[in-house]
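*Asks:* I need the structure of the sequence given here:
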Amino acid sequence: MPKLSSLLLKIPDEFKPAAALGIGALILVALVLFHGVSLHRILVMHRRGEARLRAGRPHVWGAEFLFGWSIFLMLGLHIFEIATWAFALVHMGLILRPADSIYFCANAYTTLGYGVVDLGTSWRNISPVIAISGLFTFAWTTSSLVGMVTAHLRLLEQLEDERLQEREMRGAELRAAWAAHSNEKNAERASREEARKRASTASFFERHKIRKAERGKEKELRAAARKEIADLYRKERLDEEKLGQEIVPDNSPDSKDKK
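*Replies:* Coordinates of the predicted model:
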């Protein structure tokens, strides 16, 4: 099977500019379709990650990582499209070295210029097509990025509020636990003082019974204090979990269309 470069050489010179436009248009449409599908998947991944972060604990670092990873995937998407153009030009025999082809396509794709590489007069029409594909995909990415940044800022604001509430809850839990511990110690001291007063006028056997009863009462007080502190801890954790379960209004265009 003959190579694509050999078939292109058989095209008459007067038809090569039109062939360059036609081939470039086909590649442009394919790349724009690929860009749209891939960008949609990135946005869906970002929205799902936001939903998990909103429903869980307020992990701000998780939101930052999710945003950074989405930006990295968008960058990788454009790099892949530049590499696709470069592969096509090398496969067509228009540029011999892959490094030169990548350099040329990167400059054309970002509309910076052609650099020192040229395709020749017959096939140079493909250069503006590469630039147009970059304009299309960059504009699409930019419009999506604006919505992503807005959603990211809303998410950070919510997570910061939840972190502040979480700190307040934990502070209240510590104060309540300390108060329960102090009350238990005060109750123990009062119980011991009462037991000493009763034992001072009692017989030997009665004092033994009083001390035994006092030790049992101390165990009960400590067990009650531990249970109270455990209940406080459990309640505080449940209140923290409820922070992420608050319903956040969705102002995205998709939600408005569904309504």
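*Asks:* From now on I want contacts and neighbour counts done on CA atoms only, so please keep to that.
*Replies:* Will do.
*Asks:* and L174, what element?
*Replies:* Assessed by DSSP states H and E, L174 sits inside helix 126-200.
*Asks:* helices or strands up against that helix?
*Replies:* Packing partners of helix 126-200 (3 or more C-alpha pairs under 8 Å, 6 or more residues apart in numbering; DSSP states H and E): helix 16-55, helix 60-91, helix 98-109, helix 204-243.
*Asks:* could you dump those to a markdown table with mean neighbour count and distance to S143?
*Replies:* Formatted as a markdown table, those follow (neighbours: other C-alpha atoms under 10 Å; distance: least, C-alpha to C-alpha, whole Å):
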| stretch | mean neighbour count | distance to S143 |
| --- | --- | --- |
| helix 16-55 | 16 | 11 |
| helix 60-91 | 17 | 12 |
| helix 98-109 | 21 | 18 |
| helix 204-243 | 15 | 31 |
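*Asks:* per-stretch mean pLDDT over those helices, give me the minimum one.
*Replies:* Here the helices and strands packed on helix 126-200 differ in mean pLDDT, and the lowest is helix 204-243 at a mean of 68.
*Asks:* related to what we said a few turns ago, looking at the helices and strands packed on helix 126-200, which is nearest to T121?
*Replies:* helix 16-55 (8.2 Å; C-alpha to C-alpha).
*Asks:* For that closest one, which helices and strands make contact with it?
*Replies:* Checking 3+ C-alpha pairs under 8 Å, 6+ apart, helix 16-55 ends up next to helix 60-91, helix 126-200.
*Asks:* circling back to that earlier point, quick one: mean pLDDT for the helix holding L174?
*Replies:* 80.
*Asks:* the inter-axis angle of that helix versus helix 98-109?
*Replies:* With axes from the mean of the first three to the mean of the last three C-alpha atoms, to 10 degrees as the basis, helix 126-200 and helix 98-109 are set at 90 degrees to each other.
*Asks:* rewinding a little: adding distance to W123, write the helices and strands packed on helix 126-200 out as a markdown table.
*Replies:* Below are these laid out as a markdown table (distance: least, C-alpha to C-alpha, whole Å):
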| stretch | distance to W123 |
| --- | --- |
| helix 16-55 | 6 |
| helix 60-91 | 10 |
| helix 98-109 | 14 |
| helix 204-243 | 61 |
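*Asks:* The helices and strands packed on helix 16-55: which one's closest to I23?
*Replies:* Closest to I23 of these, according to C-alpha to C-alpha: helix 126-200, at 7.9 Å.
*Asks:* do you know how far the residue lying closest to I132 once chain neighbours are set aside is from H91?
*Replies:* The spatial neighbour of I132 that comes closest, neighbours along the chain excluded (C-alpha to C-alpha, 6 or more residues apart in numbering), is Y109 at 7.5 Å. Separation of Y109 from H91 (C-alpha to C-alpha, to the nearest Å): 18 Å.
*Asks:* now the helix holding L174: how far from the chain's centre is it?
*Replies:* In terms of C-alpha atoms, centre = their mean, to the nearest Å, the centre of helix 126-200 is set 16 Å apart from its chain centre.
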